[in-house]
Structures are given as structure tokens and as C-alpha cells.
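> Predicted coordinates and the sequence they were generated for:
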Amino acid sequence: ALTAYGKRRRAELVSAQSAARYSAQWYENLPRYMNLEPARMFALLGQRHSPLLPHIPPQLYYRIDRAAEQLEPLRRLKRWLGPRVARAVHGRR
């Protein structure tokens, strides 16, 4: 029972650990976002947990994110692609 509990708890932590890793990466790469206008920079600050953000130029990510707010197919694509990118990146570590 203890082994099963440990496995379940570790699995539950993966999402929070991943979000923390991407958040730290955002702050470590802050110069990448410094040339954006303030509204865009702070919009991306709110997206810093995204596994896609480090792999897409900030201006393009911002535009995609704004378009995704308007179009359900883009929202679904973003939700589908994000976890796959995260697994691919974490699988290399």
C-alpha cells in the first residue's frame, strides 16, 4: 500500500514540478521578453507555465495565445500540443 501511495503521489507532483520548472525558466530567460511592450510581456508572464513558450518566439506565442482566445480550434490545439511538448522535453532529461 505504501509503494502504491508513493507512486500515486509522485505522479501527482509531476504537473506542479513541471509548472515550477517552466516558471523558473521564464525568469531565467527574462531578457528574451524585455523588448516586448509591457502589456505583451505581462501577458506572457501569465503564460510562463506553458511548455510551449520556451520553444516559440515571444511575439508569435503572444499572437497565437490571443488568437486562441477567439478560436476554439486553436484553443484545443494549444491544450493538445502543450502536454506533448512537456513530455518530449522532460523525456530528454
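Cool, got the structure.
> any low-confidence regions in this structure?
89-93 (pLDDT under 70).
> Show me where it has its helices.
Under the criterion DSSP state H, helices of the chain are mapped to 2-28, 38-45, 58-70, 72-91.
> Ok, which of the ones you listed comes nearest L52?
Counting by CB to CB, L52 lies closest to helix 72-91 out of the helices of the chain; the figure is 5.4 Å. Quick note: C-beta positions are derived from backbone N, CA and C, even for glycine.
> show me what contacts R21?
Applying CB atoms under 8 Å, 6 or more residues apart in numbering to R21 gives no contacts.
> could the helices of the chain be laid out in TSV, adding distance to P51?
Converted to TSV, these look like this (distance: least, CB to CB, whole Å):
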stretch	distance to P51
helix 2-28	6
helix 38-45	14
helix 58-70	11
helix 72-91	4
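> Can you give me the distance of the nearest residue to R40 once chain neighbours are set aside to F42?
Once flanking residues are discounted, R40 sits nearest to Y62: 5.0 Å by CB to CB, 6 or more residues apart in numbering. Y62 is 11 Å from F42, where distance means CB to CB, to the nearest Å.
> Mind checking which of these two has more residues around it?
Higher neighbour count among Y62 and F42: Y62, with 21 against 11, using other CB atoms under 10 Å.
> for that one, what are its contacts?
When contacts are counted by CB under 8 Å, 6+ apart, Y62 touches L36, R40, A43, L44.
> Give me the neighbour count for the second one.
As a burial measure, R40 scores 18 neighbours (other CB under 10 Å).
> And for the last one?
Neighbours of L44 under the rule other CB under 10 Å: 20.
> Now the phi/psi pair for the residue nearest the centre of the chain, please.
For the chain, the residue whose C-alpha lies nearest the mean C-alpha position (CA atoms, centre = their mean) is S50; its distance is 1.0 Å. Main-chain dihedrals, S50, degrees, to the nearest 10: phi -70, psi 130.
> Next, find the distance separating it from Y27.
Distance from S50 to Y27, by CB to CB: 14 Å.
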